[in-house]
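K.L.:
I'd like to go over a predicted model; first the sequence, then the structure.
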Amino acid sequence: MIPYGRQDISAEDIQAVVAVLESDFLTQGPAVPAFESAIATYVGAEHAVAVNSATSALHIACMALGVGPGDTVWTTPNTFVASANCARYCGADVGFVDIDKRTYNMCAVALASKLKLAAQRNALPKVVIPVAFAGQSCDMQAIRALGDEYGFAIIEDASHAIGGGYLGKPIGCGDFADITVFSFHPVKVITTAEGGMCVTRRSDLAEAMRKARSHGITRDQAEMTGPSDGAWYYQQVALGYNYRMTDMQAALGVSQMTRLDGFVARRHQLARRYDELLAGAALTVPFQHPDGLSGLHLYPVVLHDSARRKAVFDGMRAAGVHVNVHYIPVHTQPYYQDLGFRAGEYPNAEDYYARAISLPMYPGLSEQQQDFVTSTLRGLLA
């Protein structure tokens with residue numbers, strides 16, 4: 001079976017985890033700060049806050065920005081549900097912005113139009129969450145300009161995009177977003193088994209997220225309401241969660257970071273080869289915008305004929321190629337339908353979903369496997 005995504009674990013990765021298992025700290029030790037430092041240095045951010053998943057990262061990012069009841073958060077319908085759920089965890093309402101037909105990312109033109117109407121109704125969002133779908137940055141320069149004009153904060157959901165770039169800088173540098181979130185799930189570009197990270201330039205947001213990931217507790221005397229009882233003393237100064245990353249996960253992440261650029265380069269090599277092998281087939285290969293360098297977490301193709309999608313999908317799976325579909329539009333999920341959303345509201349996202357199939361994309365995919373994937377796909381399309 002050829003999966004659509006797979007982790008790449010080396011002997012060095014295994015030894016890094018074993019070293020933690022043999023140490024005094026399985027959690028809350030030195031490996032987590034080391035991983036945070038590695039990520040912050042790589043992307044050029046001042047602060048990084050590691051957590052147990054990107055879902056947790058999105059949640060504490062919303063918390064740090066003060067999202068709560070009465071607020072609205074907008075995101076894209078073409079994403080995993082976590083990009084919208086994080087606002088609901090905070091009691092906020094959710095809205096969606098349709099996607100660009102080429103990049104499948106949040107469309108900055110559609111965002112501008114929706115903001116203009118929202119301003120007239122005094123119903124502007126507090127936060128907008130653009131998603132770097134498949135690893136490709138959104139038009140963040142335009143989205144940041146709109147944020148400055150209309151006064152909303154930006155959480156960049158770059159769960160797919162560690163190792164990617166935009167306008168010559170690493171995704172996550174902080175030029176265009178208040179907070180950027182990365183994911184380290186096994187099918188992502190690098191892995192910590194499960195895990196996520198928030199990066200930001202703002203020390204106030206970083207400190208708020210650190211508290212939120214660990215029960216809202218502080219040991220800093222300056223943040224306490226009264227004198228400390230001793231070295232053991234702490235105070236809960238806010239409501240938080242246990243979203244901490246373990247040292248075992250962080251050690252794996254530090255080791256994986258040494259190969260990040262190589263992983264991304266290999267993904268681009270595979271993408272170029274897919275483009276060549278699928279030339280002339282009845283589908284559209286992913287568009288790569290010249291402004292950015294995609295992390296290429298996914299390689300989604302869009303069939304010309306939506307009526308063929310299920311048969312092609314089932315045929316690929318039957319042949320041992322575990323293709324997938326990313327994503328079912330969030331607004332069509334029953335939970336969001338119960339909130340009043342309806343099919344037909346975001347036609348670009350719905351059209352993309354009806355025709356999309358994600359092909360296998362991971363560094364360990366061999367050229368022989370890729371040949372099999374593309375020949376099987378061509379045969380089914382024929």
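P.N.:
Ah, there it is. Numbers count the residues shown, from 1 in each chain.
K.L.:
how about stretch 93-103: buried residues?
P.N.:
Residues 93-100, 103 are the ones in stretch 93-103 that count as buried (16 or more other Cβ atoms under 10 Å). Where you see a C-beta, it was placed from the backbone N, CA and C, and this is true even at glycine.
K.L.:
Val237: which of those residues is nearest?
P.N.:
Distance to Val237 across the buried residues of stretch 93-103 (Cβ to Cβ) is lowest for Asp93, with 27.7 Å.
K.L.:
what backbone torsions are found at that closest one?
P.N.:
Dihedral angles of Asp93 (phi, psi; degrees, to the nearest 10) stand at phi -80, psi 160.
K.L.:
got TSV for the buried residues of stretch 93-103, with secondary structure and pLDDT too?
P.N.:
Below are these laid out as TSV (DSSP: H, G, I helix; E, B strand; the rest coil; pLDDT from 0 to 100):
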residue	secondary structure	pLDDT
Asp93	strand	98
Val94	strand	98
Gly95	strand	98
Phe96	strand	98
Val97	coil	98
Asp98	coil	98
Ile99	strand	98
Asp100	coil	98
Thr103	coil	98
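K.L.:
redo those residues as TSV? Include distance to Asp247.
P.N.:
Listed next are the buried residues of stretch 93-103 as TSV, based on distance: Cβ to Cβ, whole Å:
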residue	distance to Asp247
Asp93	38
Val94	35
Gly95	39
Phe96	38
Val97	39
Asp98	42
Ile99	39
Asp100	40
Thr103	37
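K.L.:
now for the residues you listed, which pair is the farthest apart?
P.N.:
It's Asp93 and Thr103 that sit farthest apart of the buried residues of stretch 93-103, by Cβ to Cβ, at 26.2 Å.
K.L.:
coming back round to it: from the buried residues of stretch 93-103, which is closest to Gly29?
P.N.:
Distances from Gly29 to the buried residues of stretch 93-103, taken by Cβ to Cβ, are shortest for Val94, at 37.2 Å.
K.L.:
name the spans of the stretch 201-350 of the chain whose pLDDT lies under the cut-off.
P.N.:
Under the criterion pLDDT under 70, no range of the stretch 201-350 of the chain is flagged.
K.L.:
show me where it has helices.
P.N.:
With DSSP state H, counting those that start in this stretch, the ranges of helices along the stretch 201-350 of the chain come out as 203-213, 247-257, 260-277, 309-318, 334-338, 347-355.
K.L.:
and of these, who's closest to Asp13?
P.N.:
helix 247-257 (4.5 Å).
K.L.:
and Gly379, which of the helices of the stretch 201-350 of the chain is closest to it?
P.N.:
Proximity to Gly379 (Cβ to Cβ) singles out helix 309-318 among the helices of the stretch 201-350 of the chain, at 8.2 Å.
K.L.:
buried residues in the closest one?
P.N.:
309, 312-313, 315-316.
K.L.:
same question for stretch 112-122.
P.N.:
Quick answer for stretch 112-122 (16+ other Cβ under 10 Å): 112, 114-115, 118.
K.L.:
and it, average pLDDT?
P.N.:
The pLDDT scores in stretch 112-122 average 98.
K.L.:
who's in contact with it?
P.N.:
74, 95, 97, 124-125, 142, 146, 149-150 (Cβ atoms under 8 Å, 6 or more residues apart in numbering).
K.L.:
now with 7 Å, please.
P.N.:
Here stretch 112-122 makes contact (Cβ atoms under 7 Å, 6 or more residues apart in numbering) with 97, 124, 146, 150.
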